[in-house]
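**Q** Got a predicted model here, sequence first, then my questions.
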Amino acid sequence: MPCSAPRPTSTRRWSGARRLRALLWEADWGRYGWPEEYGGRGGSSLHRAAVHEELFRAGWHGPAVFEHVEIIAPTLVRYAQPAFLEQRLPRFLDGAEVWSQGFSEPEAGSDLASLRTRAVEDGDAFVVNGSKIWTSWSKWARWCLALVRTGTADERHRGLTMMAIDLTAPGVRVRPIRQANGTDELAQVFLDDVRVPRTQLVGEPGEGWAVAMYLLARERGTLSWLRHCGFRRRLLEEHKSLTVADDRAVGDFVAQWAGVRAAAADLLHRDAAGQDLGPESAFNKLLMTRAEQELQHLVHDATGPRVGVPVDEEDLLRQREYLFSRIVTVYGGSQQMQLITIAKHVLGLGRG
Ligand SMILES: Cc1cc2nc3c(=O)[nH]c(=O)nc-3n(C[C@H](O)[C@H](O)[C@H](O)COP(=O)(O)OP(=O)(O)OC[C@H]3O[C@@H](n4cnc5c(N)ncnc54)[C@H](O)[C@@H]3O)c2cc1C
């Protein structure tokens, strides 16, 4: 793929991503790795990883609005109610419906257990009030997998419940947030007396924290496979901008990339064997983050001031990706929180 390819707009990326999902589903490739009872062909996340790697080799630019297919969809398979899954999962996988993830709130990020969006039981539904922020892709999404408080504030993580909120329901408002890199894939979601049927609970009431941890292990872990395929592709696209002087930096990056790949492959095999991914996935997130920043530094240094003052579409893409690489240490839990997770829950430090 030549570097002079035009930069697709967000809307073109979204419609292209949707069309590709439909084609893959139709041709069965999008069904591998998903349960047969919901339209899949069976298999595991290893099958999906193989398909993704081939797509990147063929010129794919990544899942865009369907990034959550590797994060939310496995969580739904594990925890959602069968009738809901039967209706929604095929529509997620074939590109008809986009999902977003509603964990963070204006006053609750790293300290997720302090979240305040409240759901109160009312007959066969819950009535939800509050606000979620930094919800990626919610501008395009039909659904938001939201962590809400059904217990008291004192119960912290024990008083939380996970539910699928229909973003077209009355009382929902989505306000896109423009980022420093010019995109607006993030948004704030306002929830004002939104009724959520019990059938849309994902896991049992009060079980939200366990569901959230299952999901986050995917966001930190299995996603690293997808992203490392994209890093390789990006390096190949940039090879013409690089000179012999960049060789050492390229070597450093490739060594880190190989580390991300090995760690992600190990995690995928554990996932395929039905093992819990657990807090170790924080290592994958740290490795993935470091490799992405290394790659973007490399491109930035090789293309010089053009990243600061873009002269064409390709420079704009470089600028967007460079600026995005500044915040990759934050999504899915900040760098400090990953280190704390490893210290406490992998190494067992700081427990008195
Ligand atoms: C690109 C992107 C996409 C995102 N997508 C989503 C999404 O789809 N859904 C969603 O719910 N959220 C999403 N987020 C939000 C993300 O999960 C939060 O930004 C993150 O959890 C940090 O929370 P915060 O922004 O409130 O920062 P804070 O929690 O206020 O943290 C600010 C700083 O303080 C540090 N800090 C906080 N507590 C401690 C501590 N105890 N010890 C040491 N340091 C600490 C943090 O490491 C950080 O550096 C996204 C964020 C980004 C950048």
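**A** Ah, there it is.
**Q** contacts, neighbours, all on C-alpha from now
**A** Fine.
**Q** Just the buried residues of stretch 76-85, please?
**A** Residues of stretch 76-85 classed as buried by neighbour count (16 or more other Cα atoms under 10 Å): 76-77, 79-82, 85.
**Q** Apologies, that question was intended for stretch 227-240.
**A** Buried-residue list, stretch 227-240, by 16+ other Cα under 10 Å: 227-235, 238.
**Q** and which of the buried residues of stretch 76-85 is nearest the ligand?
**A** L76 (15.8 Å; Cα to the nearest ligand atom).
**Q** wait, that closest one sits on Q200?
**A** No. Using Cα atoms under 8 Å, L76 makes no contact with Q200, being 10.4 Å away.
**Q** what does the protein put close to the ligand?
**A** Selection of the chain residues close to the ligand by Cα under 6 Å from any ligand atom yields 101-104, 108-110, 134-136, 327, 330-337.
**Q** Write the ChimeraX selection for whichever of these are buried.
**A** Of the residues of the chain next to the ligand, the buried ones go into a single ChimeraX selection, burial set by 16+ other Cα under 10 Å:
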select :101,102,103,104,109,134,135,136,330,332,333,334,335,337
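**Q** average model confidence for stretch 74-82?
**A** On average, the pLDDT along stretch 74-82 is 98.
**Q** So which bits of the lengthiest helix in the chain are buried?
**A** Across the chain, the helix with the greatest residue count (assigned by DSSP state H) is helix 247-272. Using 16+ other Cα under 10 Å as the test for burial, helix 247-272 gives 249-250, 253-254, 256-257, 259-261, 263-265, 267-268, 271.
**Q** Which one of these is nearest to L223?
**A** Ranking the buried residues of helix 247-272 by separation from L223, with Cα to Cα as the measure, puts A264 on top at 8.4 Å.
**Q** Give me the local confidence score for that closest one.
**A** For A264, the predicted pLDDT is 97.
**Q** what about the closest residue to it other than its chain neighbours, which helix or strand?
**A** Distance criterion Cα to Cα, 6 or more residues apart in numbering; nearest residue to A264, sequence neighbours excluded, is W225 at 5.4 Å. Per DSSP states H and E: W225 is located in helix 222-237.
**Q** the inter-axis angle of that helix versus helix 247-272?
**A** For helix 222-237 against helix 247-272, the angle by axes from the mean of the first three to the mean of the last three Cα atoms, to 10 degrees is 150 degrees.
**Q** can I get the CA coordinates of helix 222-237 in PDB?
**A** The C-alpha trace of helix 222-237 is given here as PDB (Å, rounded to 0.1, in the frame of the first residue of the first chain):
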ATOM      1  CA  THR A 222      -6.400 -10.000  23.300                       C
ATOM      2  CA  LEU A 223      -6.600  -6.600  21.700                       C
ATOM      3  CA  SER A 224      -2.800  -6.500  21.700                       C
ATOM      4  CA  TRP A 225      -2.800  -9.100  19.000                       C
ATOM      5  CA  LEU A 226      -5.000  -7.000  16.800                       C
ATOM      6  CA  ARG A 227      -2.900  -3.900  17.400                       C
ATOM      7  CA  HIS A 228       0.400  -5.500  16.900                       C
ATOM      8  CA  CYS A 229      -0.700  -6.700  13.400                       C
ATOM      9  CA  GLY A 230      -1.500  -3.000  12.700                       C
ATOM     10  CA  PHE A 231       2.000  -1.900  13.900                       C
ATOM     11  CA  ARG A 232       3.700  -4.200  11.500                       C
ATOM     12  CA  ARG A 233       1.600  -2.900   8.700                       C
ATOM     13  CA  ARG A 234       2.400   0.700   9.600                       C
ATOM     14  CA  LEU A 235       6.100   0.000   9.700                       C
ATOM     15  CA  LEU A 236       5.900  -1.500   6.200                       C
ATOM     16  CA  GLU A 237       3.900   1.500   4.900                       C
END
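**Q** Thanks a lot, catch you later.
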